[in-house]
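Participant: Take a look and give me a structure for this.
(one chain, ligands or ions: 3)
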Amino acid sequence: MEFNTKIALPETFKADCVAVGVFDEGGLTPSARRIDGITRGALRAALASGDISGARGTSLLLRAVPGVASSRVLLVGLGKPDEFGDRAYADAVRTAVRNAGSGSASLAIAASEWRVKGRDPRWHASALVVAAREVPFRSDELKTKKEDNATRLARIHLLLDKRDAAVDKGLAEGRAIANGADLAKRLGNLPANICTPDYLGQQARKLQRDWGIGVQVLDRRQIEALRMGAFLSVTKGSDQPPRLIVAKYQGASRGRFTDPIALVGKGITFDTGGISIKPAAEMDEMKFDMCGAASVLGALRAAAELKLKVNVLGVIPTCENMPSGRATKPGDIVTSMSGQTVEVLNTDAEGRLILCDALTYVQRFKPSAVVDIATLTGAIIVSLGNVHSGLFSPDDELAAELMEAASRASDRAWRMPVDDDYQDQLKSNFADMANIGIRGNAGSIVAACFLARFTKGMRWAHLDVAGTAFRGGGAKGATGRPVPLLTHFLLARAGA
Ligand code: BES
Ligand code: MN
Ligand code: ZN
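Facilitator: Ligands and ions are numbered 1, 2, ... in the order given. Purely as a prediction, here's the structure:
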């Protein structure tokens, strides 16, 4: 799906369809008013007829409207004007793309339409691309019969009254975010027999070929040489060899890779729980336990596509968590790369074990900030459901930057506490710490507190995306989150 800008009016630009907005209770957007005027009230008549209410999600396709150059006019219900925010805007875009007519290949929308209060033209353009691109996304590469696309739309034209560089910038940002999110969705949705640790390493290498991102994929021997005992303890039950992916996008400072922003992604390609095995129901969803890793690859791709003037380090520890005769057992004590020992009381709390060594590893790059992204705890779903990602950081400034990025990206996050008081739960009688706290007692926060012990001297934040990176049930699938949040964070850091 392509996006461009045109200097043109909604009634005279010739597309297969032109979309205009109508509000609940009869209000018209500026281009709807123009077309209504030209057609001597055709749009108001459609509203009066009851064929469209203007409620959110409704639409009405009119053909061959006299005086309008496009073959179709799509009325899109926007809901109540004072409730028209980020989500309603994205809904309107998706409704327009879905209902532009199955014969339409091109859709025109006036860029001045559907204004969300407090948002600038660049934001509107970017958010339009991201929302529109969600409609045609399919995961059918493993289906022998491809699904019918919900839309044939190949082009969306944003109509402007004069050139606006900010809108073009927004379109480019939207494209990069959508491409990054699509990569994360594709990898997330692939099953664990295909998307193995080695496969993720190959995908990172593909980013090197396509985007010039420097990629190293370390194998078991190299991981052993780094003395990543916590990471390696998780891999022990699996026949799939682990990988440590190290990716460097160098957008700032020619020559040397300095002050990178480090993104660390949990890459458990399948989480059975290990010896602390999970129940059978819905265990298939644990193929999504590498969505943090996928979001790191997606954000790196977006940064490269946007040529952001910032250095980004992506580090992905990736392996399977399986039971076997060789697997780590509850009570086993392992030595992390930091030297701290960990008593593995529950082998299902494996994410923190692979992440803690990755966090220790990134110290050597002296990152200006470290953000880890992980489907870390079921408890975050209890707290925040599928709406907000959990944001944990002892660093108020970094947390504020990430909250701002979440807002701009409409990729919501909610700040959670990481007070030291919760650290008490990790006390072990036999090692420096245990890998779990008390059942049913602030599990997400305790997990974040565990990670905090491996971030000394670094500005660090943690995103728990167990509730947001994928959906279960009927709409099962990866969401591509938090690629939009991460990309906006990098955009802001790059001063772009
Ligand atoms: N990968 C899971 C967390 C998870 C649960 C992600 C549901 C997505 C949906 C993680 O490794 C895990 O098993 N966490 C345990 C921790 C517990 C043993 C302290 C959990 O949340 O139950
Ligand atoms: Mn687990
Ligand atoms: Zn897990």
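Participant: So stretch 437-449, near ligand 1 or not?
Facilitator: Yes. For stretch 437-449, a contact with ligand 1 is found by Cβ under 6 Å from any ligand atom, at G443. (Glycine included, C-beta is placed from N, CA and C.)
Participant: Going by neighbour count, list what's buried in that stretch.
Facilitator: Buried residues in stretch 437-449, counted by 16 or more other Cβ atoms under 10 Å: G437, A442, G443, S444, I445, V446, A447, A448, C449.
Participant: count of neighbours near the residue nearest to the third one when sequence neighbours are not counted?
Facilitator: Nearest-residue entry for G443: A379, 3.3 Å, with adjacent residues in sequence omitted and distances by Cβ to Cβ, 6 or more residues apart in numbering. Here the number of neighbours of A379 (other Cβ atoms under 10 Å) works out to 21.
Participant: List the backbone torsions phi and psi for the nearest residue to K80 once chain neighbours are set aside.
Facilitator: With Cβ to Cβ, 6+ apart as the criterion, K80 has its nearest non-adjacent residue at 5.0 Å, and that residue is D24. The phi and psi values for D24, taken as degrees, to the nearest 10, are phi -60, psi 140.
Participant: do F270 as well
Facilitator: phi -160, psi 130.
Participant: Which parts of the stretch 1-150 of the chain are strands?
Facilitator: 2-7, 17-22, 59-63, 72-77, 106-110 (DSSP state E, counting those that start in this stretch).
Participant: Which parts of this protein are helices?
Facilitator: Taking DSSP state H, the helices of the chain run over residues 30-38, 42-49, 86-99, 121-134, 165-189, 197-211, 220-225, 229-235, 291-305, 351-362, 379-384, 396-409, 443-452, 483-493.
Participant: Mean pLDDT for those - can I get that in a markdown table?
Facilitator: Formatted as a markdown table, the helices of the chain follow (pLDDT from 0 to 100):
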| stretch | mean pLDDT |
| --- | --- |
| helix 30-38 | 95 |
| helix 42-49 | 93 |
| helix 86-99 | 98 |
| helix 121-134 | 98 |
| helix 165-189 | 98 |
| helix 197-211 | 98 |
| helix 220-225 | 99 |
| helix 229-235 | 99 |
| helix 291-305 | 99 |
| helix 351-362 | 99 |
| helix 379-384 | 98 |
| helix 396-409 | 99 |
| helix 443-452 | 99 |
| helix 483-493 | 99 |
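Participant: Would you check how far apart whichever residue of the chain sits closest to ligand 2 and S389 are?
Facilitator: Nearest to ligand 2, among the residues of the chain, is D348, at 3.9 Å (Cβ to the ion). Per Cβ to Cβ, to the nearest Å, D348 is found 21 Å from S389.
Participant: The two: which is more packed in?
Facilitator: S389 (25 against 20).
Participant: count of residues packed around the residue of the chain found nearest ligand 3?
Facilitator: When scored by Cβ to the ion, the chain has D271 as its residue closest to ligand 3, at 3.7 Å. Neighbour count of D271, defined by other Cβ under 10 Å: 25.
Participant: The one 4 residues further on now?
Facilitator: I275: 20 surrounding residues under other Cβ under 10 Å.
Participant: who touches it in this structure?
Facilitator: Residues near I275 by Cβ atoms under 8 Å, 6 or more residues apart in numbering: G237, P323, A327, T328, K329, P330, T347.
Participant: how much space is there between it and I177?
Facilitator: 40 Å.
Participant: again with G440
Facilitator: For G440, the distance to I177 - Cβ to Cβ - is 37 Å.
Participant: try D239
Facilitator: Counting by Cβ to Cβ, the separation of D239 from I177 is 36 Å.
Participant: Neighbour count for those two, which is higher?
Facilitator: Taking neighbours as other Cβ under 10 Å, D239 and I177 compare with I177 leading, 31 against 9.
Participant: so the more buried one sits right up against L485, yeah?
Facilitator: No. Assessed by Cβ atoms under 8 Å, I177 is found out of contact with L485, at 9.7 Å.
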